[in-house]
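Undergrad: Just a sequence and a predicted model for now, questions to come.
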Amino acid sequence: MAKASFEVPEITGVTEVPKIEPDTMAHLETFRAKPEFMEALGFPGEMPEDWKEKTLEAMGDMLKKYRSLQVFLDSCVKCGACTDKCHYFLGTADPKNMPVARQDLLRKVYRRYFTLAGKFFPKLVGAVDLTKEVIDEWYNYYHQCSQCRRCSVFCPYGIDTAEISMAAREIMDRIGVGDKYCNEIIGKVYRIGNNLGLPEPALADTLEGLEEDVFDETGVNVRYPLDEKGAEILLVTPSADFFAEPHVDGLMGYGKVFHEAGVSWTLSSYASEAANFGMFIGSYENMRKISLRIRKAALDLGVKRIVFGECGHAWRVAYAFLNTLAGPFDFLDPDYPVPQHILEFTWGEIQKGTLNIDKSANDDMVVTFHDSCNVARATRMGDKPGGQFEIPRNVIKAVCNNYVDMPEGTIKEATFCCGGGGGLLTDDLMELRVKGAKPRMDALKSATDEYGVTHMAAICAICKSQFTKVIPYYGFDMDQIVSVHQLVSNALILTGQQEEGEEESEEDAA
Amino acid sequence: MPIEVNGKTLETDEEGYLVNLDDWEPGVAEVMAKEDDLELTDEHWEIINFLREYYEEYQIAPAVRVLTKAVGKRLGKDKGNSKYLYGLFPYGPGKQACRYAGLPKPTGCV
């Protein structure tokens, strides 16, 4: 682990509300996107001369397009319910990371130019003129919001800070002020097909390697097919599943489950990305363009079903928006959910009894589960309310003997963000990422102290990457983070699988 | 910030990666490692060279699993794991080693 150039918060197992320390995070500005990255997404490369008019024009546009935005900006009564709910506030003590203060950054400009009181009596209503300093402050603090929506659960008016934060990013993009991390990545999806920039030959090579590994381990030919026309299922998964650990162990698990279920499936090199960073930057156009790639791949390959792998915000886009962004999906089999989550698929197979599970394979672990914010608060799985909480836990419990939850108030709809969501998973925001992980780390420590938890399972590529990177700062080990389908993979005995040592004993006998 | 390598000034991006991948020469890795207070050993070079070979073929850094598998094959099974790689490159093999090897930084949810 690298040395920290900032103070790492101490964890005790209980997250106390810190005493405020103004401007502790004012210095943190993520790298801005170069003109070429901006232009590739249809945004101006640099701030235009008339940036002020353009900003207000963009804001007016957003207010018209999203009625919710205006309601959120109008309805806050400053009750304070949200103030201690944001993991970034709890970890940094910077009062501008309180959700209400974050909203106010946009609200004060909205009031000045779009409300009567603000136009005539700005000082009375906290309205301010739009200046470059205001834009700079927007840039810093709207890139300290992971759009996790925990605050909105506690807001009596249901104000969604994520939506305000997305709108702010879109407004900034429209005046040439965008962040490098998200915008460079979206450009790669258009050029190459995925966030990583993994071209088809590399993808094919990686998948071939996985087939070899599973064969070496089990003696069974499990396939990880790419661009196979006529397959029944198109699997769309975050490209981190091809690249990083423990993500890839999850991907191996999906393949094993499909194999045992006896369905044909394929990945697509054209739509080799489930993630949709268009949502993080609040850009409908970019979100749509990325989503349409999935539609095209499904049509080109002639699949009947679409299944999404373990990715938090991808499931939000898929579950909540895919049909309006890229539908109708009337060419898919209506007997299955459009789209379906891999956990719904696996849970279905477990219930049908098609999977031969040896739970003792995970007996070296005491597992807990981190609810990903977008899955927990913006989607569902299965056909019952709360399925997004129950199905992942049901699957884990079906493949592990030792499962415990972290404390109430840190899980399910009140789950804490990993600290790296919303397009903030970049090294130049490491201070924010480490500090923002504190509430989750407290909860993990509590479960570790009380129940001896050894591993935390996650169902989101960002969560997995964020945790493996930041938990060492808190004294945990990166190997403690696992994919849910990695646990499935460990416990799943494939049909015809050689038991350990079987090969040698046969040789001995001969 | 540009870096000085054997009398030449080479351009790097905000995060210290080479802007022009063709600028790379072994001296680049040496200079970058020195800035990180890291001394490059043969073990480090094995990784850097593999990354460059893989990049040349596939135009992308290898996946962690591809890398650990290749290292395991070449240097022995006990070294074919991320622990060993993190031991060599504390900022992560994917990022720090790629930077030394003159490869672009892997982006995305990694």
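TA: It's in. Numbering: from 1, shown residues only, chains lettered A, B, ... in the order given.

Undergrad: burial count for the residue in the stretch 401-510 of chain A that chain B sits nearest to?
TA: For the stretch 401-510 of chain A and chain B, the shortest gap (C-beta to the nearest C-beta) falls at A:Ala461, measuring 3.8 Å. All C-beta atoms are positioned from the backbone trio N, CA, C, and that covers glycine. When neighbours are defined as other C-beta atoms under 10 Å in any protein chain shown, A:Ala461 has 32 of them.

Undergrad: same deal with A:Thr324?
TA: Neighbour count for A:Thr324, taken as other C-beta under 10 Å: 10.

Undergrad: re earlier: return the residues in contact with the residue of the stretch 401-510 of chain A closest to chain B.
TA: The neighbours of A:Ala461, taking C-beta atoms under 8 Å, 6 or more residues apart in numbering or on different chains as the test, are A:Pro238, A:Ala240, A:Asp241, A:Ala244, A:His247, A:Ala275, A:Glu310, A:Cys311, A:Gly312, B:Gly108, B:Cys109, B:Val110.

Undergrad: Of those residues, which belong to helices?
TA: A:Ala240, A:Asp241, A:His247, A:Gly312 (DSSP state H).

Undergrad: Give me every residue in chain B lying close to chain A.
TA: Taking C-beta under 8 Å from any C-beta of the partner chain, the part of chain B that reaches chain A is made up of B:14-15, B:57-60, B:62-66, B:69, B:82, B:86, B:90-92, B:94-95, B:104, B:106-110.

Undergrad: Between the contacts of A:Ala461, which sits nearest A:Glu285?
TA: A:Ala275 (16.9 Å; C-beta to C-beta).

Undergrad: hmm, back to that, can you redo the ones in helices among the contacts of A:Ala461 as CSV, where the extra columns are pLDDT and distance to A:Gly13?
TA: Shown next, in CSV, are the ones in helices among the contacts of A:Ala461 (pLDDT from 0 to 100; distance: C-beta to C-beta, whole Å):
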residue, pLDDT, distance to A:Gly13
A:Ala240, 97, 30
A:Asp241, 98, 32
A:His247, 98, 28
A:Gly312, 98, 25
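
Undergrad: Which of the contacts of A:Ala461 sits closest to A:Ser446?
TA: Using C-beta to C-beta, A:Gly312 comes nearest to A:Ser446 of these, at 22.8 Å.

Undergrad: distance of the closest one from A:Ser372?
TA: Distance of A:Gly312 to A:Ser372, given as C-beta to C-beta, to the nearest Å: 4 Å.

Undergrad: Report the buried residues of the strand or helix carrying A:Lys64.
TA: Here A:Lys64 is covered by helix A:51-65, with elements defined by DSSP states H and E. Across helix A:51-65, burial judged by 16 or more other C-beta atoms under 10 Å in any protein chain shown covers A:Trp51, A:Lys52, A:Lys54, A:Thr55, A:Leu56, A:Ala58, A:Met59, A:Met62, A:Leu63.

Undergrad: The longest helix that chain B contains: which residues count as buried?
TA: If you go by DSSP H, chain B has its longest helix at helix B:42-58. Buried positions in helix B:42-58, judged by neighbour count with 16+ other C-beta under 10 Å: B:His44, B:Glu46, B:Ile47, B:Ile48, B:Phe50, B:Leu51, B:Arg52, B:Tyr54, B:Tyr55, B:Tyr58.

Undergrad: I'd like those laid out as TSV, including pLDDT.
TA: Below are those laid out as TSV (pLDDT from 0 to 100):
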residue	pLDDT
B:His44	96
B:Glu46	94
B:Ile47	95
B:Ile48	96
B:Phe50	95
B:Leu51	96
B:Arg52	96
B:Tyr54	95
B:Tyr55	96
B:Tyr58	95
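
Undergrad: For the closest residue in space to A:Glu408 that isn't next to it in sequence, give its distance to A:His455.
TA: Nearest residue to A:Glu408, sequence neighbours excluded (C-beta to C-beta, 6 or more residues apart in numbering or on different chains): A:Ala414, at 7.7 Å. From A:Ala414 across to A:His455, the span is 22 Å (C-beta to C-beta).

Undergrad: between those two, who's got more neighbours?
TA: A:His455 (21 against 16).

Undergrad: ok so, going back, what's the mean pLDDT across the helix holding A:Lys64?
TA: The pLDDT scores in helix A:51-65 average 98.

Undergrad: number of nearby residues for A:Pro225?
TA: Neighbours around A:Pro225, by other C-beta under 10 Å: 15.

Undergrad: ok, and the closest non-adjacent residue to it?
TA: Using C-beta to C-beta, 6+ apart and skipping the chain neighbours, the partner closest in space to A:Pro225 is A:Thr266 (4.5 Å).

Undergrad: mind checking which helix or strand B:Gly87 is in?
TA: helix B:82-88.

Undergrad: Flag every buried residue along that helix.
TA: By 16+ other C-beta under 10 Å, the buried positions in helix B:82-88 come out as B:Ser82, B:Tyr84, B:Leu85, B:Tyr86, B:Leu88.

Undergrad: Now tell me what touches it from outside.
TA: A:1, A:245, A:478, B:43-44, B:47, B:64, B:67-68, B:71, B:78, B:92-93, B:97.

Undergrad: cool, stretch A:165-174 as well?
TA: Stretch A:165-174 is contacted by residues A:38, A:41, A:43-44, A:54-55, A:58-59, A:62, A:66, A:69, A:102, A:105-106, A:135, A:138-139, A:142-143, A:145, A:147, A:178-179, A:183, A:279-283, A:422 when judged by C-beta under 8 Å, 6+ apart.

Undergrad: can you rerun that using 7 Å?
TA: With C-beta atoms under 7 Å, 6 or more residues apart in numbering or on different chains as the test, stretch A:165-174 has contacts from A:43, A:54-55, A:58-59, A:62, A:66, A:69, A:102, A:106, A:135, A:138-139, A:142, A:145, A:147, A:178, A:281-283.

Undergrad: again, but for stretch A:390-401
TA: With contact meaning C-beta under 7 Å, 6+ apart, stretch A:390-401 is reached by A:343-344, A:346-347, A:350, A:357, A:359-360, A:362-363, A:365, A:367, A:369, A:381-382, A:403, A:457, A:459, A:484, A:487-488, A:491.

Undergrad: How much space separates A:Ala240 from A:Lys304?
TA: Note on A:Ala240: its distance to A:Lys304, by C-beta to C-beta, is 27 Å.

Undergrad: neighbour count winner among these two?
TA: Neighbour totals were compared for A:Ala240 and A:Lys304, and A:Ala240 leads with 33 against 18 (other C-beta under 10 Å).

Undergrad: That one and B:Gly108 touch, don't they?
TA: Yes. Look at A:Ala240 against B:Gly108 with C-beta atoms under 7 Å: they come within range, at 5.8 Å.
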